[in-house]
Every structure is written in structure tokens, then in C-alpha cells.
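A.B. asks: test case, fold it:
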Amino acid sequence: MSNMRIATSHMRERLDRFPLSPRRRWEVPNVLVTRNGSDHWLGSDGSFWRAMSFIDAASFDTIRDRDHAREVGYALGLFHALLSDLPAERLADTLEGFHVTPRYLQHYDEVLTTCGNDGSPYVEYCLQFVDERRAFAPVLENALAGGRLMLRVIHGDPKVNNIMMDTALGQAVGIIDLDTVKPGLVQYDIGDCLRSGCNPLGEETGAWETVRFDIDCCRAILEGYLPTARTFLTVDDFAYLYEAIRLIAFELGLRFFTDYLEGNVYFKVKGPGHNLARALVQFRLTRSIEEQETAIRAVIRDLR
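C.D. replies: Okay, the predicted model is just below:
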């Protein structure tokens, strides 16, 4: 709640000085405080309560068309821009290790030493898929350690359905679900937004073999994101955009597969094979991204 309060206050202050089109509105959720000024209230039974202002708009689970995709990108770009001058160290790291792919890979290796391989061809496929991409896992963390990338304030979960849309105007008017706001790399947010938005079949599809990364949707999201994001992105930030898109899809697949091997202890599942099916979707999405590397890099280059 402290992170949320700091971030939303900062965004509202920046919004007063940020040049928005007069035809646009942008709403920042407001943390409503108690009578004594606290951002939460604890009940006598230990229950935790908070209140947020309401944004009168709609959200959608999937991207409907190119205009919607552009608005999703615009929303994330504006969110990042409004927080770009807030020192990341002012926020607590409420999800330590989140999106740090080498840590997920280390946990995966630990799980492999204790679980058995059931011999399933799908499991064998996933084992090989992960093994072939081990060297790629630390690409963003290595860039951070080497000073090429920097920690900033990120959303942490910029899915399509966290973007609030004014359906009458067809415009994004806010981002919600700010519980995951924390220090991180903006590449995590960009990669996760494109991972979730550019898979038309969604991560719960049963037809994993037909999953593809929609490059037209990718272009539209970046068309919305980059005009605002250019105000704070560095040359190195641009240089790692493709790696972020590829890595976050791979990372989520790794997490699903690890949870399957561990007995489904983290993600909620509908059956014993649910996380394996989810992993296959993300790994196929990763492969589709890899197959289109040249085209994706060209899109990034054209829009810079």
C-alpha cells in the first residue's frame, strides 16, 4: 500500500505538468485514506481493508483490433513516463526475484533433482526446450549488472485487462491493479504486455501447436507505446526490447513447467496437466517470436 500510495501521488503530480491532448483524459486510481490518514484499515478479526477511487471505464481480456492495441501501448507508455523520474529505491521490492529469470531457472534445476520424468513426449519436449535456452536466461539481468539497463518503477502485471478503456471514445483512460508496482526493468513490463497481447489464442488455449506471435499487433502496441516512451528510454533500452519480448514468454513457460513438475503448488489449476498445457503454449509463443526475430527487430528499428 505504501508503494501504491507513493506511485499514485507521483503520477497525479506529474499529470498536472504532462502535455496530454485536450481530447484525452487519464485517471490515476486514488488511494482513499481513513479518518486518521492511513492507507488501510485492519479489522478486529485481522482482516485487511482498503478503498480506491472508481474509474468509470471498461476492460477487455483480449485485444480487439489494431486501434485497441495502440491504446494498450499508449497506456503503458504514459504510465512509464509519469513514473520515469520517481527514484525506484523509494519503493519496496514487494516481489523479490519477480521476472528475474535466472532465479526461476535455478529453482527449476532444483525441482528436476527431486521429481521424476514420466516419459511423456510433451515433458521431453519442454525439457529440451528449456535446455536449449539456458544461456539466454540471464540476458536482462546481465545487462542490469553491467550498467546497460537500470531499475525503474514498473507496473509488474501490464496485462490487457488492466488497461481501462473509454468505449465511447475508444481510448485508454487508466491502468489499474497496482499491487505489483515495484522496482524493476521496464523491459519486464514491455515484454509481458506484448507476450499477453500478441497471442490471439490466449494462454489457456488447447491448440498450443497453432499459437503464434502476432507481429501486426506487436507493431500496433509499440506504435502506441514508443512516442511517449521516447522521452525516457535510452539507446540500451531500445537495444534490449527484442530480448525482453522473447525472454518473458520463455520465463512464463518455464514457471508453468516447473510448477507442473513440482506438483502444481503455485498456480491454480483445473487438473493435473493444466500447467504443462500452459507451458506448451508459452514455449510455442517463444518459438514464434524467435522465428520472427528479424521482423520484430525491424519493427522496433522503424518505430524508434
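
A.B. asks: please, which helix or strand holds residue 102?
C.D. replies: Element membership for residue 102 (DSSP states H and E) is helix 101-112.

A.B. asks: and that helix, what's buried?
C.D. replies: Of the residues in helix 101-112, 101, 102, 104, 105, 107, 108, 111 count as buried by neighbour count, 16 or more other Cβ atoms under 10 Å. Any C-beta I mention is one placed from the backbone N, CA and C, and that applies to glycine too.

A.B. asks: who are the contact partners of the fifth one?
C.D. replies: Contact criterion Cβ atoms under 8 Å, 6 or more residues apart in numbering gives residue 258 as the residues in contact with residue 107.

A.B. asks: the residue positioned nearest the centre of the chain: which element?
C.D. replies: Residue closest to the mean C-alpha point of the chain, counted by Cα atoms, centre = their mean, is residue 192 at 3.1 Å. Residue 192 belongs to helix 186-197 when assigned by DSSP H and E.

A.B. asks: name the SS class of the residue of the chain most remote from its centre, please.
C.D. replies: Here the chain reaches farthest from its C-alpha mean at residue 44, the gap being 35.9 Å by Cα atoms, centre = their mean. Going by DSSP: H, G, I helix; E, B strand; the rest coil, the secondary structure assigned to residue 44 is coil.

A.B. asks: so residue 275 makes contact with residue 259?
C.D. replies: Yes: Residue 275 is within contact range of residue 259, at 4.7 Å (criterion: Cβ atoms under 8 Å).

A.B. asks: now do the shared contacts for these two.
C.D. replies: Common neighbours of residue 275 and residue 259 (Cβ under 8 Å, 6+ apart) are residue 267.

A.B. asks: between those two, who's got more neighbours?
C.D. replies: Here residue 275 and residue 259 are compared on neighbour count by other Cβ atoms under 10 Å; more neighbours surround residue 275, at 25 against 22.

A.B. asks: next secondary structure after the longest helix along the chain?
C.D. replies: When the chain is parsed with DSSP state H, its longest helix is helix 241-262. Using DSSP H and E, the next helix or strand after helix 241-262 towards the C-terminus is helix 274-291.
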